[in-house]
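In: Predicted model and sequence follow; I will ask about them next.
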Amino acid sequence: MTNHTCITLCPGAELFVIPKDTFKTDFIMFSFTLPLDADTAAQYALLPAVLCRGSVRYPTLESLACRLDTLYNAGIAGRAHKRGDAQVVTFQLRCLEEDVVPPEDENEGPLFVSLLDTFCDLLFSPLTENGAFLPAYVEGEKKNLCEAIRAKINNKAAYAISRLDEEMFAGESYGISSRGTEQSVAAVTPASLFACYRTMLARAPLSVTYVGRMEASAAADALTRFVRCLAEHRGAEPLYCPQTDVRRAAAHPLHRVTEEMDIRQSRLCIGYRTGMILSDGDFYRFALFNELLGGSASSKLFLEVRERRGLCYDCASSPEAQKGVLYISCGISADAAEETEDAITAQIDAIRQGDVTEEEFAAAKKSLISGYREIEDSAAAIAVWYENRRAAGIATSPDETAEQVRSCTLQEVSACAQGLTADTLYFLRGTAVTGEDEEDYDDDTD
């Protein structure tokens with residue numbers, strides 16, 4: 001288990017220090033966890049973008065960029081995404097380590113502390129007008145977000161997955177896009193956004209993850225101003241405790257939805273309830289099942305359904321570990337839907353029955369283990385890895401998980417396939433005779 005340290009900064013805020021001496025940067029991630037709700041999703045999607053536009057001290061993007069340039073091209077970025085039934089507002093900060101830059105200026109403190117001070121300016125001293133965010137900044141980011149929402153229709157693979165989510169998780173928070181809708185974005189005002197901002201600071205649990213060479217006590221000391229400012233915003237109201245509704249199996253026969261669009265390439269997407277989630281502790285078995293089924297170029301879906309039978313342009317599977325969901329998405333011709341669905345089911349059945357060659361199983365293990373090893377090459381990936389596992393109540397490292405995969409048996413993987421139940425099938429039928437091929441699937445568009 002990785003030797004990481006947990007320090008309580010203040011009620012509802014914890015610092016996790018992951019010691020790494022392989023990078024020449026300090027990396028820190030701040031993650032506020034909120035309920036995923038249709039009334040606030042668009043607000044929290046906008047919030048990090050508006051906050052990163054400027055502060056009282058750095059009122060423009062130009063002045064902020066100049067400030068970060070003086071910190072040797074340090075970076076601050078914010079985004080919102082969903083994790084299970086929660087919406088997470090995240091800020092990532094990076095800067096060079098102190099020992100790889102010239103000695104500090106007389107008027108500047110340590111580089112990492114200076115970057116944190118700049119972040120505090122953005123988070124706790126935003127530009128306001130009449131007790132609300134600056135209207136010009138809010139309107140600018142609303143326009144950007146609406147354009148991003150509209151752009152999804154041009155990526156049919158991502159669009160089809162989002163429609164599958166809406167159908168499969170109707171009545172569940174997970175069916176809500178963490179970007180909101182164009183209508184909900186349009187309804188945001190500077191005052192309503194500022195109210196959500198204050199609510200986030202007051203009630204959202206905060207996880208702070210540091211990756212670098214700094215000792216845990218030094219990292220906590222560097223956050224002194226941040227903790228003081230956050231404590232001023234914490235009130236008497238209880239903190240949120242978002243919960244994810246996990247349904248271990250489909251509660252109904254396969255729900256089928258077909259829609260038509262004037263495109264050449266159709267999209268077939270199937271959502272499964274997996275019966276397994278990350279907090280179970282043995283999700284690595286399902287990760288290996290996914291790799292074997294459709295998670296790599298050596299998977300059964302790729303080699304059998306795409307390459308050998310030529311039924312689709314692309315075909316892949318991907319799990320959502322917090323919610324316990326598996327997606328299969330493929331681009332097909334309109335008349336190949338039934339045959340492709342049968343071929344996909346046949347590959348799942350093959351794994352259920354243990355019909356897997358030693359070469360296939362070894363290739364899946366090698367691919368998955370390689371992916372876990374690559375996590376150690378990125379401070380951001382390391383931070384995300386451990387944050388997701390803390391949220392699930394586990395703490396295995398990528399290396400430990402790779403060892404678990406290495407010792408996993410085919411019988412254990414076949415058992416994962418046994419628990420898979422198909423919930424919803426979404427078919428986007430293309431009606432155009434000619435046209436451009438669709439874009440590749442990008443699953444970071446929710």
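Out: Received it, and whenever you're ready, just let me know what you need.
In: okay, now T258: neighbour count?
Out: 11 (other CB atoms under 10 Å). From N, CA and C alone the C-beta is placed, and that goes for glycine too.
In: List the residues that contact it.
Out: 426-427, 429 (CB atoms under 8 Å, 6 or more residues apart in numbering).
In: On the strand side of things, show who it bridges to.
Out: F427 (DSSP bridges).
In: Same check on the one 10 residues further on?
Out: For L268, the beta-bridge assignment (DSSP bridges) gives partners C330, F427.
In: would a markdown table of the contacts of T258 with neighbour count and pLDDT be doable?
Out: What follows is these, written out as a markdown table (neighbours: other CB atoms under 10 Å; pLDDT from 0 to 100):
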| residue | neighbour count | pLDDT |
| --- | --- | --- |
| Y426 | 24 | 98 |
| F427 | 23 | 98 |
| R429 | 16 | 98 |
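In: Return the distance of the residue nearest in space to the middle of the chain relative to G54.
Out: For the chain, the residue sitting closest to the mean C-alpha position, by CA atoms, centre = their mean, is H81 at 5.5 Å. Separation of H81 from G54 (CB to CB, to the nearest Å) stands at 23 Å.
In: And for T40?
Out: Applying CB to CB to T40 and G54 gives a distance of 23 Å.
In: just L36 next, same as before
Out: L36 is 28 Å from G54, by CB to CB.
In: So which of the two has more stuff around it?
Out: Using other CB under 10 Å as the criterion, L36 and G54 rank with L36 on top: 26 against 20.
In: I'd guessed that one sits against D85; true?
Out: Yes: contact status for L36 versus D85: in contact at 5.5 Å, counting by CB atoms under 8 Å.
In: OK, contacts around E237?
Out: With CB under 8 Å, 6+ apart, E237 has these contacts: 202-203.
In: for L268, same thing?
Out: By CB under 8 Å, 6+ apart, L268 lies in contact with 312, 329-330, 332, 337, 340-341, 425-428.
In: Kindly recompute the last result at 7 Å.
Out: For L268, the contact set (CB atoms under 7 Å, 6 or more residues apart in numbering) comprises 330, 332, 337, 340-341, 427.
In: between those residues, which is nearest Q411?
Out: Distance to Q411 across the contacts of L268 (CB to CB) is lowest for E341, with 27.1 Å.
In: hmm, back to that, am I right that the residue nearest to the centre of the chain falls within a helix?
Out: No: assigned with DSSP: H, G, I helix; E, B strand; the rest coil, H81 falls outside any helix and is strand.
In: who's it bridged to?
Out: As for beta bridges, H81 partners with V88 under DSSP bridges.
In: wait, it sits on S178?
Out: Yes: counting by CB atoms under 7 Å, H81 touches S178, with 5.5 Å between them.
In: wait, isn't A231 in contact with C10?
Out: Yes: if you go by CB under 7 Å, A231 and C10 touch, sitting 5.0 Å apart.
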